[in-house]
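Novice: return atomic coordinates for the entry below.
(one chain, ligands or ions: 1)
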Amino acid sequence: MIYGVMGDIHSNYDALMAVVDELRLEHVDKILCVGDIVGYAAEPAKCIDLVRELNCTVVAGNHDYAVVGKFPVNYFHADARDAVVWTARQLSNEYLDFLKKMPLVEELDGITLVHGSLNHPEFFDYIRTVVDAQLSFDLLKTPICFYGHTHIPLVFYLKEGNIHVDRGHVFDVKKADKVLINVGSVGQSRDWDLRASCAIYDTDKMTVEIRRVKYNINSAVQKIYSACLPAVNALRLM
Ligand code: ZN
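Specialist: Numbering: from 1, shown residues only. Down below sits the predicted model:
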């Protein structure tokens with residue numbers, strides 16, 4: 001079985017299309033999504049449509065829940081908040097219902113999905129340090145967990161009680177007792193690599209590869225300007 005894993009799409013349809021094309025070329029059997037389909041960029045409905053069409057297993061991100069009033073908008077900085085308010089106005093009830101019904105955590109086939117952290121997933125804390133990773137490892141019941149939220153691909157793995165960090169682009173799952181894998185962001189990279197990020201998990205080879213994908217950044221930027229969303233949301237993509 002080959003899984004494609006993606007998240008933090010943030011209404012960037014140009015990036016999402018590029019990632020989906022890449023995953024199709026890899027003949028993935030199923031796509032998993034670690035949340036934040038919406039927020040920041042200009043095409044929330046098209047992104048939700050595609051995630052639904054692909055029949056992704058998906059968990060909610062803080063932006064998804066903020067748009068439907070399940071997470072307080074005052075936790076966001078102004079530019080993210082403006083995009084949340086704008087997004088809520090763009091979406092019909094059918095779309096809002098879809099976002100509202102997304103769960104915080106999903107488990108399937110030895111895989112756990114969460115947006116921020118397993119420790120109180122409803123607070124959307126970040127897993128950035130070994131201490132954060134420990135809190136999630138304590139609650140993780142499957143060998144592997146995919147997450148997002150920081151927009152930076154990173155692996156924490158547990159081996160004989162110790163937590164290690166791995167920043168390579170292919171991770172050998174066999175060397176870990178349990179592993180937390182941040183798949184990076186499709187629609188708003190924050191690690192100085194402007195390409196979209198996703199992961200490919202091959203359950204036969206037991207490897208997870210972080211894949212970076214070029215997309216039409218200019219097109220995404222122009223759509224953000226045309227929608228009169230905060231300019232910084234466009235500048236961040238460049
Ligand atoms: Zn995000």
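Novice: could you find the closest non-adjacent residue to Met136?
Specialist: For residue 136 the amino acid is Ser, not Met. Closest residue to Ser136 apart from its sequence neighbours, by C-beta to C-beta, 6 or more residues apart in numbering: Leu118 at 4.1 Å. Just so you know, the C-beta spots here come from the backbone N, C-alpha and C atoms, and that holds for glycine as well.
Novice: Thr142 is in contact with the one you found, correct?
Specialist: No - contact criterion C-beta atoms under 8 Å: Leu118 and Thr142 do not qualify, at 10.5 Å.
Novice: what do these two both touch?
Specialist: By C-beta atoms under 8 Å, 6 or more residues apart in numbering, Leu118 and Thr142 have these common neighbours: Thr112.
Novice: between these two, who's got more neighbours?
Specialist: Neighbours per residue, other C-beta atoms under 10 Å: of Leu118 and Thr142, the larger number sits with Leu118, 21 against 14.
Novice: now the residue nearest to Ser136: which helix or strand?
Specialist: Under DSSP states H and E, no helix or strand contains Leu118.
Novice: Ala15 belongs to a helix, doesn't it?
Specialist: Yes - counting by DSSP: H, G, I helix; E, B strand; the rest coil, Ala15 is part of a helix.
Novice: spit out the contact partners of it.
Specialist: The neighbours of Ala15, taking C-beta under 8 Å, 6+ apart as the test, are 9, 186-187, 196, 213, 215, 220.
Novice: what about these, which are in strands?
Specialist: 196, 213 (DSSP state E).
Novice: wait, what's in contact with the residue lying closest to Met102 once chain neighbours are set aside?
Specialist: Distance criterion C-beta to C-beta, 6+ apart; nearest residue to Met102, sequence neighbours excluded, is Ala60 at 3.8 Å. Neighbouring residues of Ala60 by C-beta under 8 Å, 6+ apart: 35, 70, 99, 102-104, 115.
Novice: Ile210 now?
Specialist: Going by C-beta under 8 Å, 6+ apart, Ile210 touches 153, 169-171, 183-184, 197-199.
Novice: which of those residues has the most neighbours?
Specialist: Cys198 (30 neighbours).
Novice: can I assume that one is in contact with Arg24?
Specialist: No - look at Cys198 against Arg24 with C-beta under 8 Å: they stay out of range, at 11.8 Å.
Novice: nearest residue to the spatially most distant residue from the centre of the chain other than its sequence neighbours?
Specialist: Distance from the centre of the chain peaks at Glu160, with 28.5 Å (C-alpha atoms, centre = their mean). Nearest residue to Glu160 in three dimensions, chain neighbours excluded: Asp177, at 7.0 Å (C-beta to C-beta, 6+ apart).
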